[in-house]
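[1] Following is a predicted model, sequence given first.
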Amino acid sequence: MQRRTALTAMLAATAATLTGCATSGGGSSSDDTDANGTVHLKFQSLAFADTTVAQTKKAVKDWNAKHPKVQIQLIQGSWDNVHDQLVTQLAGGTAPDIIHDENADIIGFGQQGYFADLKPYVSSALRGNVADGVWNSLTVDGKLIAVPTLQQTYVVFANTTALGKAGVSVPTGKSLSWDDFRAMAKKLTGKGSHGVGWGLKQPAATVLNLSANFGGTWFHTSGDDASLTVGTAEMQVPRRIHAMAYDDKSIDPTSLTQSGGDVLPGFYAGKYAMMVAGSYVAQQIQEQAPKGFRWAVLPPLAGTSSAQPASSQTLSVSKATKHVKEAAQFIDYFVADANLAKLAQSDWLIPATASARTAVREQTGGKDGWDQILTSGENLVDAPFLHVKNYPQWKDQIATPSLQRYLANDIAASKLADQLTSGWKQVGGGH
Amino acid sequence: MTSRRLTPGRALSYLALAGYVVLLGFPLVWLLSTSFKTPRELASLSPSLLPEEFSLTNFRAAIEQQDLLRAGANSLIVAGCTTVLVVLVSVPASYALARFRSRLRGVAMGWILVSQVFPIILIVVPLFLILKQFGLIDSLAGLVLVDLVWSLPFALWMLQGYVAKIPAELEEAAATDGASRLRTLTRIVFPLLLPGIAATSMFAFVLSWNEFFFALVLIQDPQLNTLPLALARFVGQEGQVQLGPLAAGSLLSMIPSLVFFALMQRRLTSGLLAGAVKG
């Protein structure tokens, strides 16, 4: 009898809990207008740093206070899994109305028609405030699938104390040539320390982006087709990194298998005099570095130019929403200088708008590496690979492991080129 | 009475066991140590096994940044409901699978095996569309349902093995004594099956407690976040990670699982003994 009572109680509790669960959720809808006519939009943000999360929350709160008829609900997403999440949610028609992602990830979704065309909603002021190359990188089949917010570049961080001890002056100017960088790294190598620590655990994005320094395009697109070229220009960056690691020994080869963050303790401890990483690493250095640690961001690396592909964080609007206009208005508010400049400083990333970059330069006085970081964002170009349909698959399944093997000195440069080319066919390249 | 003399073979066994325990225990010790370290110590090039200075900053940060307590409560609801439902469904179903010999049984067992082969990404979109039809997107009930479906095949497979090991003669004897089938099940089979139920519920609980992907795609409302979702937000782009808060959050998130294991472990042992006597 007791057992039966217990079983009944357990069933009742389960049913009650499930009922409670069911009523607590609502499910997403493409038309979330309540009885008062207030539009409710979901905005999934991928803000990571505490300061950026706080700034994003503030921007949403301010918007909600000023726009009682269009209320934004902030959803915190995760960079690590956003692609798989969006694949499912967009296919299921329940993605958030406003979606934060990056341009390398959203092109595929844009090609499948999941995003609203924002071209009619972007003001002429905003249009002129962002470089054409950046707009082009977000345009698919003539439709603008996203508005850029912040941009990342790869920069060289230097321990200025180590440079001083080695008698190497901190470079100034608009750019630092790869040859000068290599020469500096050689001078800074010795007595158990290396000139450079470079976290290249996921090397594909870094290598492809920096290849633009030498005019390396990797892909040529024609309509829906894309062909891959692995030529001299494309191989410049991997060859140079390899030579520095294994011929000069000025890059610590063990650092090449680590993530960007893993290299930081060695950088603080003087094991590496320089490190190459995304500009956002400046924030971690600022927060974590030991007291008295003196650092600088060096001028952008340059081959034939300092160009890097526009690597932008973006805001898109799901095509499933019935409130594209309201969503676009929120985006316009979100990328206004007052917000964007603060967000950029929270994340140590470059604002996509020229006016916000000016605001950051004024607000920071160019200190703490800001001058060079902002300079590195002046040569952003639209890279073909951003528009190639099978690029993400090739990058993850072919380029990343092949480059990892090359940078681990497991295969020769010619073998790397072969693997990259044959791998492109393997993933159904261009189709 | 057998001799407990320490032979070289026995010593080697103990050594291997000790090595295994250290291997298993080290990540836990490291997690514990990391969660109490200050951010500066975490950024040190020569990390120490024990923190030089014990700090609760990471725990505070973890709880405040990601609302871990609410996420923990949500995870507890989902894992608890899933476990109860898995047991309720799998006990009778596994009994039927183990005892009723028919062609359907072979098909069912085959299907259970095949269902384990599908990659998660293959089923998630159709599943998502079905749940949407029932208004179960962005609700803990939907998540419980998905976790139930996901756990059930293995739970059935596992439990039917336990049922199969209970001698059918015991049930026949009970029937001869005039016991109804329900009485036989509740008084004879169920007590002997307790270790299996305990093991299955532990499996279901852990699977649901740690489940990440379904929660990621189903849950949007921040109030309904589960623990794995909250913890994932300590990881950023290109290897960026808030190591201290992540370690602290992970440590806190282990506590309910450990408590559940401790409770179930006792059931597992008592059930085994009960089975031994009755068998």
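    Looks like it arrived, so ask away.

[2] so who does residue A:293 touch?
    Applying Cβ atoms under 8 Å, 6 or more residues apart in numbering or on different chains, we find residue A:293 in contact with A:159, A:161, A:268, A:285. C-betas here are computed from N, CA, C, even on glycine.

[3] Tell me where the stretch 101-250 of chain A has helices.
    Ranges of helices in the stretch 101-250 of chain A, per DSSP state H, counting those that start in this stretch, are A:103-111, A:124-129, A:132-137, A:160-165, A:178-187, A:203-211, A:232-246.

[4] The first one near chain B at all?
    No - with Cβ under 8 Å from any Cβ of the partner chain as the threshold, helix A:103-111 lies outside contact range of chain B, at a closest distance of 10.8 Å.

[5] Can you name every helix or strand that that helix contacts?
    helix A:82-92, strand A:139-140, strand A:311-317, helix A:391-394 (3 or more Cβ pairs under 8 Å, 6 or more residues apart in numbering or on different chains; DSSP states H and E).

[6] before we move on, the earlier item: could you export the helices of the stretch 101-250 of chain A as JSON lines, including mean neighbour count, distance to residue B:206 and mean pLDDT?
    Listed next are those as JSON lines, based on neighbours: other Cβ atoms under 10 Å in any protein chain shown; distance: least, Cβ to Cβ, whole Å; pLDDT from 0 to 100:
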{"stretch": "helix A:103-111", "mean neighbour count": "22", "distance to residue B:206": "32", "mean pLDDT": "88"}
{"stretch": "helix A:124-129", "mean neighbour count": "13", "distance to residue B:206": "49", "mean pLDDT": "93"}
{"stretch": "helix A:132-137", "mean neighbour count": "18", "distance to residue B:206": "44", "mean pLDDT": "88"}
{"stretch": "helix A:160-165", "mean neighbour count": "16", "distance to residue B:206": "48", "mean pLDDT": "94"}
{"stretch": "helix A:178-187", "mean neighbour count": "18", "distance to residue B:206": "48", "mean pLDDT": "97"}
{"stretch": "helix A:203-211", "mean neighbour count": "23", "distance to residue B:206": "35", "mean pLDDT": "94"}
{"stretch": "helix A:232-246", "mean neighbour count": "20", "distance to residue B:206": "42", "mean pLDDT": "97"}
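
[7] Looking at these, spot the one closest to residue B:170.
    helix A:103-111 (59.2 Å; Cβ to Cβ).

[8] With just CA atoms, put that closest one into PDB.
    Extracted in PDB, the C-alpha atoms of helix A:103-111 (Å, rounded to 0.1, in the frame of the first residue of the first chain):
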ATOM      1  CA  ASN A 103      30.600  37.300 -40.900                       C
ATOM      2  CA  ALA A 104      32.500  34.100 -41.600                       C
ATOM      3  CA  ASP A 105      29.600  32.100 -40.100                       C
ATOM      4  CA  ILE A 106      26.600  33.900 -41.400                       C
ATOM      5  CA  ILE A 107      27.200  33.800 -45.100                       C
ATOM      6  CA  GLY A 108      26.000  30.200 -45.400                       C
ATOM      7  CA  PHE A 109      22.800  31.100 -43.600                       C
ATOM      8  CA  GLY A 110      22.400  34.100 -45.800                       C
ATOM      9  CA  GLN A 111      22.800  32.000 -48.900                       C
END
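
[9] tell me the angle of it relative to helix A:82-92?
    10 degrees (axes from the mean of the first three to the mean of the last three Cα atoms, to 10 degrees).

[10] ok, residues contacting helix A:103-111?
    A:82-83, A:86, A:90, A:99, A:115, A:137-138, A:140-141, A:143, A:145-146, A:148, A:205, A:310-312, A:314, A:316, A:386-387, A:389, A:391-392.

[11] near chain B, which of the residues you listed show up?
    Answer for the contacts of helix A:103-111 near chain B (Cβ under 8 Å from any Cβ): residue A:205.

[12] Just the buried ones from the contacts of helix A:103-111?
    Among those, those buried by neighbour count (16 or more other Cβ atoms under 10 Å in any protein chain shown) are A:82-83, A:86, A:90, A:99, A:115, A:137-138, A:140, A:145-146, A:148, A:205, A:310-312, A:314, A:316, A:386-387, A:389, A:391-392.

[13] Name the spans of chain B whose pLDDT lies under the cut-off.
    Scanning chain B for pLDDT under 70 picks out the ranges B:1-4, B:238-239, B:267-279.

[14] Packing partners of the helix or strand hosting residue B:175?
    Taking DSSP states H and E as the definition, residue B:175 sits inside helix B:168-176. Where contact means 3+ Cβ pairs under 8 Å, 6+ apart, helix B:168-176 is packed against helix B:181-184.

[15] And the helix it packs on, what's buried?
    Buried-residue list, helix B:181-184, by 16+ other Cβ under 10 Å: residue B:184.

[16] got a list of contacts for it?
    B:171, B:174, B:175.

[17] What is the host helix or strand of residue B:198 packed up against?
    According to DSSP H and E, residue B:198 maps onto helix B:190-210. In terms of contacts (3+ Cβ pairs under 8 Å, 6+ apart), helix B:190-210 is packed against helix B:68-99, helix B:140-165, helix B:243-278.

[18] Of all those, which one is nearest residue A:39?
    helix B:140-165 (24.7 Å).

[19] quick one: is the closest one near chain A?
    Yes - using Cβ under 8 Å from any Cβ, we find that helix B:140-165 touches chain A at B:140, B:141, B:142, B:143, B:144.

[20] Give me the three-state assignment for the closest residue to the third one other than its chain neighbours.
    This points to residue B:142. Sequence neighbours aside, residue B:136 is the residue nearest to residue B:142 in space, at 3.2 Å (criterion: Cβ to Cβ, 6 or more residues apart in numbering or on different chains). Following DSSP: H, G, I helix; E, B strand; the rest coil, residue B:136 is assigned to coil.

[21] which among the contacts of residue A:293 gets closest to chain B?
    residue A:268 (6.1 Å; Cβ to the nearest Cβ).

[22] can you pull the contacts of that closest one?
    A:288, A:289, A:290, A:293, B:43, B:45.

[23] now those residues in a markdown table, with distance to residue A:242 and secondary structure?
    A markdown table is the format used below for the contacts of residue A:268 (distance: Cβ to Cβ, whole Å; DSSP: H, G, I helix; E, B strand; the rest coil):
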| residue | distance to residue A:242 | secondary structure |
| --- | --- | --- |
| A:288 | 30 | helix |
| A:289 | 29 | coil |
| A:290 | 32 | coil |
| A:293 | 30 | coil |
| B:43 | 29 | coil |
| B:45 | 25 | coil |
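
[24] related to what we said a few turns ago, most neighbours of all the residues of helix B:140-165 next to chain A, which one?
    residue B:143 (30 neighbours; other Cβ atoms under 10 Å in any protein chain shown).

[25] give the contact list for that one.
    A:21, B:78, B:211, B:214, B:215, B:218, B:219, B:226.

[26] and the gap between the residue in the stretch 201-350 of chain A that chain B sits nearest to and residue A:304?
    Closest approach between the stretch 201-350 of chain A and chain B, counting by Cβ to the nearest Cβ: residue A:259, at 2.5 Å. According to Cβ to Cβ, to the nearest Å, residue A:259 and residue A:304 sit 29 Å apart.

[27] Show me which of those two is the more surrounded one.
    residue A:259 (17 against 13).
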